[in-house]
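# this is a predicted model, with the sequence first.
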Amino acid sequence: MTASESDTIEKFSHKENEYPPPRIVAENALLKDAKAEYERWRENPDAFWAAEAEKFVWLKKWDKVSSFDGVNHEWFVGGKINITLNMLDRHANLDKRDKIAYIWLGENGEERKVSYRELLESVCRFANGLKSLNVKKGDRVIIYMPLTIEGVVAMLACARIGAIHSVVYAGLGQAALRDRIVDADAKIVVAGDVGFRRGKTIDLKSIVDEAVKDFPSVEKVVLFRRSTETPTNNSTLAAEPDEISHGSLEYLDSDKNESAIGERDSFVDADILDREIDFADLMKFPAKCEAEAMDAEDILFILYTSGTTGLPKGVVHCHQIQERLIDSAKTVLQLEPDDFFWCSADAGWVTGLCYGIFAPWLLGFPILIYEGEFDVHRWLDILERNQVTCFYTTPTLLRLLRNEVGDISKHRNFALRRVYSVGELLNPEVIKWAERTFDARVFDNYWQTETGSFIIANRPNMLVKRGAMGKAVEGVQVSIIDNSGREVPNGVVGDIAIRPTLTSLFKGCWNFPEATRAWFRAGWYITRDRGKRDADDYFWFMARNDNVIMCQAQRIGPFEVENALLSHPAIAESAAVGAKTK
């Protein structure tokens, strides 16, 4: 460990940055003894996973909990499942059928509330609509949508029929979208015609048109129209829809846009128009669709990571990921029936997808979905007006809130109990500000797109060391290793790594086995982050393993530089990037 790394850890490890859980919080925690739960997993992993898997609905119970051939793990072998049964059916068909599943807030102030029954009906309609387009189990569907409920409906409809969805953040451009369409060999693209950001209308359709141009693999582009000027060809459906109303979801009438088509056809490629079909047309199909029976290891989604070099890599996750999401949403996020949860991440990122949507709905709890980009005053209004109790966001956004508004606790009536942060290290100064401002506890945690769920976390019922990522979550063997794959003693900095025995760990990179193999070393999954573990088993992040600055023979992580800059009250955000010297 270098002198600079030692100084940083010493600073963060000071006793003033430690605080135990309030007694009432510890007593009411869903997971009373995290250490005992961790030991329960270590003693008999298969029995642990089996007990967790019993908590949700299976179409056919597994024959074997796990199978490991020395390279690949398989989970719940022989089991049949579909994630939508646990996210929707078991709530919509029982006592929660008329309970609110979500409140959606548009950037223009629009608000929509939908129950679990209405959500299930919408998903089934769109699933049947996809079937009419000959979408089958294993087909890939790219979803390029603003953060609207229609985008979520499209995701779950794909899962319902066994198609593989891949959500692409609607802030990415034509080249990034095309790379993902080509790599996935997508059959269908579901897209919005426009998005709204900070009062501006963003043309998404032209981006999609360029991305699918001259790529025959895409058979249809399903267009969710919010603009009255978007052309469409009013394609004939492969099956006749019924005339049942759409519940709470309302759509533009495609017939009303006939005039717009003639005006703009000359500007749109005829092949593109021929492939288009209206989202609203697919919502006219019957509101019942049986869930496809999926093997636990069948692919649920592909999520592309934006690397600093080369093409994006498609991270593959399967239907059995729900086991870890259910458990960790209860034991880490501590979500309870009286919580109202908001995750600020877009569904195009793993946090927004797994914990912003999947996890709370697996538990049957309501969520808030906000379409707009970060706006400090709008966000504070949303938190207060909707009485959000659990908020999941990023350190960058918390820092922006702090620096733009300062101390506002005396003027607001927040209901927040817990604030969670992920994506980069959360420095102690921001944690203290958030605790003071929201009168809520703040918890940093650590995981990756590849891990699919939390691997290290701070929790409400444990002593928190501000600046530390927390302790290993039950079900995950985390360690610090050297370049040879050997575990290093406490206090020594090395690579953060986990054993590939986590049920939510990715199944590889889509069409890229070489990239998959590069993630593993000597039986460990390598996160490519540097860190250390202290004597109390808390893990501390130091830097990306491939992003360390060499200065006079000392290894300095970008976080150390950034945190030094952020300690100045005039600096709201900072980024340190190493540059090669001649």
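Yep, it's here.

# flag the shaky bits of the chain, pLDDT-wise.
By pLDDT under 70, the weakly predicted segments of the chain are 1-16, 19-32, 70-71, 228-273, 306-310, 408-411, 545-570, 572-582.

# one more time with 50, if that's ok
Low-confidence segments of the chain, defined by pLDDT under 50, are located at 1, 3-6, 8, 230-248, 250-267, 308, 550-555.

# hey, which strand is longest across it?
In terms of residue count, the longest strand belonging to the chain (DSSP state E) is strand 524-533.

# which residues does the residue nearest to Y355 when sequence neighbours are not counted contact?
Across the structure, with Cβ to Cβ, 6 or more residues apart in numbering as the measure, the residue nearest Y355 apart from its sequence neighbours is C343 (5.7 Å). In short, each C-beta sits where N, CA and C put it, glycine included. Contact criterion Cβ atoms under 8 Å, 6 or more residues apart in numbering gives 351-352, 355-357, 367, 391-393 as the residues in contact with C343.

# which of these are buried?
Applying 16 or more other Cβ atoms under 10 Å to the contacts of C343, the neighbour count classes 351-352, 355-357, 367, 391-393 as buried.

# contact partners for Y538?
Contacts for Y538 were tallied using Cβ under 8 Å, 6+ apart; they are 465, 468-471.

# list buried residues within these.
So, of those, 465, 468-471 end up buried under the neighbour-count rule (16+ other Cβ under 10 Å).

# and these as TSV, adding distance to K96 and secondary structure?
As requested, those are arranged in TSV below (distance: Cβ to Cβ, whole Å; DSSP: H, G, I helix; E, B strand; the rest coil):
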residue	distance to K96	secondary structure
K465	38	strand
A468	37	coil
M469	34	coil
G470	31	strand
K471	33	strand
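
# nearest to I277 among these?
Taking Cβ to Cβ as the measure, M469 is the one of the buried ones among the contacts of Y538 closest to I277, at 45.7 Å.

# with adjacent residues omitted, what lies nearest to that closest one?
The shortest distance from M469 to any non-neighbouring residue, by Cβ to Cβ, 6+ apart, is to Y446 (4.2 Å).

# that neighbour reaches V422, doesn't it?
Yes. Assessed by Cβ atoms under 8 Å, Y446 is found in contact with V422 at 7.1 Å.

# give the other helices and strands that the longest strand of the chain contacts.
Using 3 or more Cβ pairs under 8 Å, 6 or more residues apart in numbering; DSSP states H and E as the contact criterion, the neighbours of strand 524-533 among helices and strands are strand 478-481, strand 494-498, strand 539-544.

# contacting residues around that strand?
1, 5, 9, 448, 450-451, 469, 479-481, 485, 490-500, 505, 519-520, 539-546, 548, 557.

# next one: stretch 452-460
The set of residues that contact stretch 452-460 without belonging to it, under Cβ under 8 Å, 6+ apart, is 21, 25-26, 29, 31, 34, 317, 321, 324-325, 328, 331-332, 334, 350, 354, 418, 441, 443-448, 464, 468-473, 476, 478, 498, 502, 504-506, 539.

# one more time with 6 Å, if that's ok
Contacts of stretch 452-460 from elsewhere in the structure, counted by Cβ atoms under 6 Å, 6 or more residues apart in numbering, are 21, 25, 29, 317, 321, 324, 328, 332, 334, 443-447, 464, 469-470, 472-473, 476, 478, 498, 504, 539.

# neighbouring strands - and their directions - for the longest strand of the chain?
Each strand pairing with strand 524-533, determined using DSSP bridges, is listed with its direction: strand 494-498 (antiparallel), strand 520-521 (antiparallel), strand 539-544 (antiparallel).

# rebuild those strands as JSON lines, extending it with mean neighbour count and distance to G129.
JSON lines is the format used below for the strands paired with strand 524-533 (neighbours: other Cβ atoms under 10 Å; distance: least, Cβ to Cβ, whole Å):
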{"stretch": "strand 494-498", "mean neighbour count": "23", "distance to G129": "40"}
{"stretch": "strand 520-521", "mean neighbour count": "14", "distance to G129": "40"}
{"stretch": "strand 539-544", "mean neighbour count": "22", "distance to G129": "43"}
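
# format those as TSV; extra columns: distance to A296.
What follows is the strands paired with strand 524-533, written out as TSV (distance: least, Cβ to Cβ, whole Å):
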stretch	distance to A296
strand 494-498	20
strand 520-521	22
strand 539-544	29
